[in-house]
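Visitor: let's see this in three dimensions:
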Amino acid sequence: MGQEQEAAILPPDLRARLGELALPTEDLAGADILLTGWGTSLVLDDRVLDGAPRLRALVHAGGSVRPVVTPAVWERGIVVSSAAGVNAGPVAEFAFAQISLAAKKALGAAASHRAGRWPAFGDRQGADGRTVGVVGASRTGRRVISRLRAAEADYRVLLYDPYVSVAEATRWGAELVNIHSLCGNSSVVSLHAPELPETRHLLDAERLALIPDGGTVVNTARGSLVDTDALVEECASGRLDAFLDVTDPEPLPPGHPLFSLPNVFLTPHIAGSQGSEVRRLGAFAVDEVARLVRGEPLLGAVTREALSRMA
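Guide: Take a look at the predicted model:
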């Protein structure tokens, strides 16, 4: 992983514990377990793995392992673990906070306040704010649903995920619907799906147009899930608001229209673990190494099948 990331993910106490579990080495040829994280440029293809004949496990102290794993990893029987579940918590909290702000029409109220106009009661209402469409029952998506169901605001939660059954959605407290129904009936649409060919522009011009007037798009997943040009048109017209932690492209070029729209809140991909949260990624990874050493099942195990549907 990158040096800056390593210092935050593996502070001295975790490095010491890691050293008690296994003999650290930077020589991949002699490694049994590989620990990676944010900032890595390593890709485990056949060429790299030919130089790592002993490797039996990859532990990733970050979210997605897609940049690291290739089919060669599965073909050689290498076990894979990711701290994505740990990272999902902060993302869910960030998304829930933005959904709460969207329900209160905070962006429009703040813009009016800056312009010297105290918003009237009706100006603060906009869409009903209480029907939230969650796109993707990922680790993060399920956590968002849980927070919405526990909130005192009494949210109604719609869910779109082609891999989820009605029974599962009901158990989580959500109504399973198709993507068109979700967009047409949600005042807030929150995205938690992975970046896959079939999810590119999942919210295209047609589906964005279905969201009721005054609605909001919240994206803490991947920028490619939204047609940026179509979203710009909707937000520039004032019909929709947006909270975007990710964009397509990322970062946006200087002078992009989204920067100047008062009803768009942009953050630079900070929803995931930040500050003291980053250490939790390292702690989880070290615990996974301990489980490997003891021959126990991994809590963050990633399978080839599961990765095809993961971020």
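
Visitor: what strand or helix carries the residue lying closest to Pro262 once chain neighbours are set aside?
Guide: Spatial nearest neighbour of Pro262, chain neighbours left out: Ala111 (4.0 Å); criterion: Cβ to Cβ, 6 or more residues apart in numbering. From N, CA and C alone the C-beta is placed, and that goes for glycine too. According to DSSP states H and E, Ala111 maps onto helix 106-114.

Visitor: can you name every helix or strand that that helix contacts?
Guide: Counting contacts by 3 or more Cβ pairs under 8 Å, 6 or more residues apart in numbering; DSSP states H and E, helix 106-114 packs against strand 241-244.

Visitor: who's in contact with Pro168?
Guide: You called it Pro, but residue 168 is Glu. By Cβ atoms under 8 Å, 6 or more residues apart in numbering, the contact list for Glu168 reads 137, 176.

Visitor: can you confirm it is in a helix?
Guide: Yes. Counting by DSSP: H, G, I helix; E, B strand; the rest coil, Glu168 is part of a helix.

Visitor: if we can go back for a sec, please report how far the residue nearest to Pro262 lies from Asp213.
Guide: According to Cβ to Cβ, to the nearest Å, Ala111 and Asp213 sit 17 Å apart.

Visitor: so between those two, which is more surrounded?
Guide: For the pair Ala111 and Asp213, the greater number of neighbours falls to Ala111 (14 against 11), based on other Cβ atoms under 10 Å.

Visitor: wait, what's in contact with the residue nearest to Leu34 when sequence neighbours are not counted?
Guide: Leaving aside its chain neighbours, Leu34 sits nearest to Leu58 (4.9 Å; criterion: Cβ to Cβ, 6+ apart). With contact set as Cβ under 8 Å, 6+ apart, Leu58 has these partners: 33-34, 36, 44, 65, 68-69, 73, 78-81.

Visitor: three-state assignment of Leu58?
Guide: Classified using three-state DSSP, Leu58 is strand.

Visitor: pLDDT score for it?
Guide: Leu58 is assigned 98 on the pLDDT scale.

Visitor: and if you look at Val134?
Guide: 98.

Visitor: still on that earlier bit, in JSON lines: the contacts of Leu58, plus secondary structure, neighbour count and pLDDT.
Guide: Formatted as JSON lines, those follow (DSSP: H, G, I helix; E, B strand; the rest coil; neighbours: other Cβ atoms under 10 Å; pLDDT from 0 to 100):
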{"residue": "Ile33", "secondary structure": "strand", "neighbour count": "21", "pLDDT": "97"}
{"residue": "Leu34", "secondary structure": "strand", "neighbour count": "20", "pLDDT": "97"}
{"residue": "Thr36", "secondary structure": "strand", "neighbour count": "21", "pLDDT": "96"}
{"residue": "Leu44", "secondary structure": "strand", "neighbour count": "24", "pLDDT": "97"}
{"residue": "Val65", "secondary structure": "coil", "neighbour count": "23", "pLDDT": "94"}
{"residue": "Val68", "secondary structure": "coil", "neighbour count": "22", "pLDDT": "96"}
{"residue": "Val69", "secondary structure": "strand", "neighbour count": "22", "pLDDT": "97"}
{"residue": "Val73", "secondary structure": "helix", "neighbour count": "23", "pLDDT": "98"}
{"residue": "Ile78", "secondary structure": "coil", "neighbour count": "18", "pLDDT": "98"}
{"residue": "Val79", "secondary structure": "strand", "neighbour count": "18", "pLDDT": "98"}
{"residue": "Val80", "secondary structure": "strand", "neighbour count": "23", "pLDDT": "98"}
{"residue": "Ser81", "secondary structure": "strand", "neighbour count": "25", "pLDDT": "97"}
